[in-house]
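Asks: Model the structure of this input:
(one chain, ligands or ions: 3)
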Amino acid sequence: MSEPALVVAAHGQFGWLETSTGHRARFVVRGRKLKVVCGDSVTWEREEGEDRVVIEAIRRRRNALCRLAANGSTGETLAANIDRICVTCAPEPKPDWFVVDRYLCAAHAIGADALLVVNKADLPSGKRLEEIDVYCKAGYAAVATSAIEQHGIDELSTHLTGGIALLVGQSGVGKSSLLNQLVPDAEAATANLSKASKEGTHTTTASLMHALPSGGRLIDSPGVRDFVPAIGAGTTIAEGFREIAARADNCRFTDCRHLQEPGCAVVRAVDTGDISPRRYESYRRLLRTVERWQP
Ligand SMILES: Nc1nc2c(ncn2[C@@H]2O[C@H](COP(=O)(O)OP(=O)(O)O)[C@@H](O)[C@H]2O)c(=O)[nH]1
Ligand SMILES: [Mg+2]
Ligand SMILES: [Zn+2]
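Replies: Ligands and ions are numbered 1, 2, ... in the order given. All right, here's what the predicted structure looks like:
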């Protein structure tokens, strides 16, 4: 048995892995039941007479990001062992803050760090994204960038020096543009992957992990860039809202859901303006979404 390797590209049963010594090899998955994704740590074996290796098993995932299926259940797994989720927004297209809140909550739910990336800072309207202050006050880190003017890219890089990160957000906010700034050969690498994995099934989305010059890694695939994350049943949504989590200890009831319970410190903070009513509404909406699907 070989040393575990990291899956850096996945397209159906095919892809590329990287060994602990940095060597890359094409792989095929034996058995249809095994579904590997970018970020997986796998054990593998050389295949006799082939220029590729065979993945034997996926090692236990530290976490996984799943897409929410139409029926509310946990759908397709998109990526595994994620350290950081960069939630990207911009003044244009008009931000849907609920989408941002949902990604931030999903990041917390899987134990990944969350970073807000506010792109298109070059636009005049970019200076007026007041909503960002709400997030900063709540304790989230935010970086302002302009992929066009190449502003803030270095700062963003320093946030991505260790571990595996994902760029997510509404379509059109500039994720591809940022990726191209962060990874100079991103486009070529993506083109190579689709060429190399022609034999892969075309029903699944290819995903690719880029190595950043600064050391970290960034997973990119059309499927992971904008999706509705599944936030699992047992998850306490409240913990995915920092400013709510920070006040929950002061509620009268330890199992307070911060809805209509008497002595709720969260509702009190909304009333006094310490918690943004819009964020609180996102919390309630997400809670309803998740509970609708609970047995
Ligand atoms: N003004 C401005 N436009 C940008 C910036 N980044 C991306 N765009 C533009 O926004 C549009 C969507 O960008 P894209 O990277 O495809 O967004 P994605 O859908 O999130 O991948 C394109 O027309 C880009 O040229 C930026 O920093 N400033
Ligand atoms: Mg894009
Ligand atoms: Zn409460």
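Asks: helix or strand for Arg268, which one?
Replies: Secondary structure here is read from DSSP states H and E; on that basis Arg268 sits in helix 265-271.
Asks: Need the residues that contact that helix.
Replies: Applying Cβ atoms under 8 Å, 6 or more residues apart in numbering, the set of residues contacting helix 265-271 from outside is 238, 243-244, 247-251, 256, 258, 261, 275-277, 280. C-beta coordinates here come from the backbone N, C-alpha and C atoms, glycine included.
Asks: out of those, what pair is the most spread apart?
Replies: In the contacts of helix 265-271, two members sit farther apart than any others by Cβ to Cβ. They are Asp249 and Pro277, at 21.3 Å.
Asks: about what we covered before: next one: the helix holding Arg268, is it in contact with ligand 3?
Replies: Yes. In this structure, helix 265-271 sits against ligand 3 according to Cβ under 5 Å from the ion; the contacting residues are Val266.
Asks: buried residues in that helix?
Replies: Going by neighbour count (16 or more other Cβ atoms under 10 Å), the buried part of helix 265-271 is Ala265, Val266, Val267, Ala269, Val270.
Asks: Quick one: neighbours of the spatially closest residue to Ala211 that is not a sequence neighbour, just the number.
Replies: In space, not counting the residues next to it along the chain, Ala211 is nearest to Arg217; the distance is 5.8 Å by Cβ to Cβ, 6 or more residues apart in numbering. A total of 23 residues lie near Arg217 under the criterion other Cβ atoms under 10 Å.
Asks: Sketch out the low-pLDDT regions of the stretch 151-295 of the chain for me.
Replies: The stretch 151-295 of the chain contains residues with pLDDT under 70 at 193-205, 223-226, 232-235, 293-295.
Asks: Any residues of it in contact with ligand 1? List them.
Replies: If contacts are counted using Cβ under 6 Å from any ligand atom, the residues of the stretch 151-295 of the chain sitting beside ligand 1 are Ser171, Gly172, Val173, Gly174, Lys175, Ser176, Ser177.
Asks: Who wins on neighbours among these?
Replies: When neighbours are taken as other Cβ under 10 Å, the top entry among these is Val173 (27 neighbours).
Asks: quick one: contacts for that residue?
Replies: Here Val173 is in contact with Thr88, Cys89, Ala90, Pro93, Asn119, Lys120 (Cβ under 8 Å, 6+ apart).
Asks: What subset of those is buried?
Replies: Neighbour counting with 16+ other Cβ under 10 Å marks Thr88, Cys89, Ala90, Asn119, Lys120 as buried within the contacts of Val173.
Asks: Check the gap between the closest residue to ligand 1 within the chain and Gln260 for me.
Replies: Among residues of the chain, the one nearest ligand 1 by Cβ to the nearest ligand atom turns out to be Gly174. It sits 3.0 Å away. Taking Cβ to Cβ, to the nearest Å as the measure, Gly174 and Gln260 are separated by 40 Å.
Asks: got it, and Ile153?
Replies: As for Ile153, its distance to Gln260 is 46 Å (criterion: Cβ to Cβ).
Asks: same thing with Asp274?
Replies: The span separating Asp274 from Gln260 equals 19 Å under the rule Cβ to Cβ.
Asks: Show me which of those two is the more surrounded one.
Replies: Neighbour totals were compared for Asp274 and Gln260, and Asp274 leads with 14 against 8 (other Cβ under 10 Å).
Asks: Remind me which helix or strand the more buried one belongs to.
Replies: For Asp274, there is no host helix or strand (DSSP H and E).
Asks: Write out the residues of the stretch 1-150 of the chain neighbouring ligand 1.
Replies: Where proximity means Cβ under 6 Å from any ligand atom, the interface of the stretch 1-150 of the chain facing ligand 1 comprises Asn119, Lys120, Asp122, Leu123, Ser146, Ala147, Ile148.
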